[in-house]
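1. Using only what follows, build the 3D model:
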Amino acid sequence: MENAVQEFIEYLRVTRKSSDNTLVSYRRDLNKLTGYLQEVREISDWKAVTETDLNAYLLYLEKGSYAASSISRSVASCHAFFQYLRDRNRISSDPSRMLRPPKAERKLPGVISVEEVDALLSQPSETTAKGLRDRAMLELLYATGIRVSELIGLKMEHLNLQMEYVICEDRTKERIIPFGNTAKKALAAYAREMDLPRFLKLGKGEEKMGGRNRDAIIADMFEAMLGALYLDQGYGAITNILDEVITPRLAHPEESESFHDYKTRLQEYVQADSRRTVHYELVSERGPSNAPVFVMNAIVDGVIMGTGEAGSKKQAEQNAAKDALYKMAV
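-> The predicted model follows:
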């Protein structure tokens, strides 16, 4: 019986190109089944295995306190193995055809607290290129909820800093997923540290309106510079930039207000109770058209909890959220 199991494992490895983990799982499940049939049911030939024997094996697993997921995997292994034997006329019929796995337990997913998330995000060292990479990966996972497979498949052209979204693609479709402004502000901060804004070529109007110090423009310029460097000299050059230029100049993001997303913090605090709501309301707009000032209110459960003003509505909302958090002692 062991020879048949080994032949099946070789078939999976050579013909089906199964992964090492898959092979280990099948081998473990089938070795366990073989041992039970030989020792408990006194069966020495796969031709002698019946549906009753397999049902008895499932009961044996259940009494052995195996998890429903482990039993389900064993059932899947049985189906694949006996189908393999049937296709090669090693058995006359498939005794596993009526075998059904137990109902899987439906458990609510565990939820970690904001403090635990902060602790997780602070783990990577920000003094090395690897640490910066890991921090960026964790921040993006937390901000977007994308799959790990989508994260590691991201390319530079999938990132749009100005509109604040990433594109995740598979064979048949693509998803556009927005993210917060933390990453954009981080890139702009790095660019300022390297004094890159002085190389910007701006129109007179944009220059007059302070475009040389605008996060979106600086971040886009930084992204374009990295993209050009990548196309010209390859990935190694980008790594060198991280190691030799950016990393030594890094400040600690947690020490800078630009790295705090007050709207997200307020949203998370308020919606910890699903019955509560938060929204923002434009109070007024003043000043000339080329330098407006917006005043926004942060309204929690219908009550004005914070007020903020800035040169853009988005920043005014952040300032209002910051004011609300302070007044709510969060």
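
2. Which residue ranges of the stretch 151-300 of the chain form strands?
-> Per DSSP state E, counting those that start in this stretch, the stretch 151-300 of the chain carries strands over the ranges 159-160, 165-169, 174-178, 278-286, 293-300.

3. export those strands to CSV and tack on mean neighbour count and distance to Y11?
-> C-beta coordinates here come from the backbone N, C-alpha and C atoms, glycine included. Output for those, formatted as CSV (neighbours: other C-beta atoms under 10 Å; distance: least, C-beta to C-beta, whole Å):
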stretch, mean neighbour count, distance to Y11
strand 159-160, 16, 43
strand 165-169, 16, 33
strand 174-178, 12, 36
strand 278-286, 13, 58
strand 293-300, 21, 62
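
4. Of those, which is nearest F199?
-> Relative to F199, the nearest member of these by C-beta to C-beta is strand 159-160, separated by 21.3 Å.

5. What strands line up against that closest one, and which way round?
-> strand 165-169 (antiparallel) (DSSP bridges).

6. and the direction of the partner strand versus that of strand 174-178, what angle?
-> Taking axes from the mean of the first three to the mean of the last three C-alpha atoms, to 10 degrees, one finds strand 165-169 and strand 174-178 inclined to each other by 160 degrees.

7. in this protein, which ranges drop under the pLDDT threshold?
-> Across the chain, residues meeting the criterion (pLDDT under 70) sit at 104-108, 161-163, 171, 179-194, 196, 215-216, 235, 241-260, 273-274, 330.

8. for the residue nearest to the spatial centre of it, what are its contacts?
-> The centroid of the chain falls nearest to L141 when counting by C-alpha atoms, centre = their mean (3.3 Å). L141 sits next to V148, L151 when contact means C-beta atoms under 8 Å, 6 or more residues apart in numbering.

9. hang on, R86 packs against R97?
-> No: contact between R86 and R97 fails when scored by C-beta atoms under 8 Å: they sit 9.0 Å apart.

10. Which of the two has more residues huddled nearby?
-> Between R86 and R97, R86 has the larger neighbour count (other C-beta atoms under 10 Å), namely 16 against 12.

11. Skip the chain neighbours and tell me the closest residue to that one.
-> If the residues on either side of it in the chain are set aside, R86 comes closest to D94, at 4.8 Å by C-beta to C-beta, 6 or more residues apart in numbering.

12. Next: S25.
-> Excluding the flanking residues, the one nearest S25 by C-beta to C-beta, 6+ apart is R73, at 6.5 Å.

13. follow-up on the earlier one: ramachandran angles for the residue nearest to R86?
-> phi -90, psi 110 (degrees, to the nearest 10).

14. What are the boundaries of the helices in the stretch 1-150 of the chain?
-> Using DSSP state H, counting those that start in this stretch, the helices of the stretch 1-150 of the chain run over residues 2-14, 20-39, 51-63, 68-87, 114-121, 129-144, 148-152.

15. Check the gap between the residue nearest to S25 and Y26 for me.
-> Distance, R73 to Y26, using C-beta to C-beta, to the nearest Å: 9 Å.
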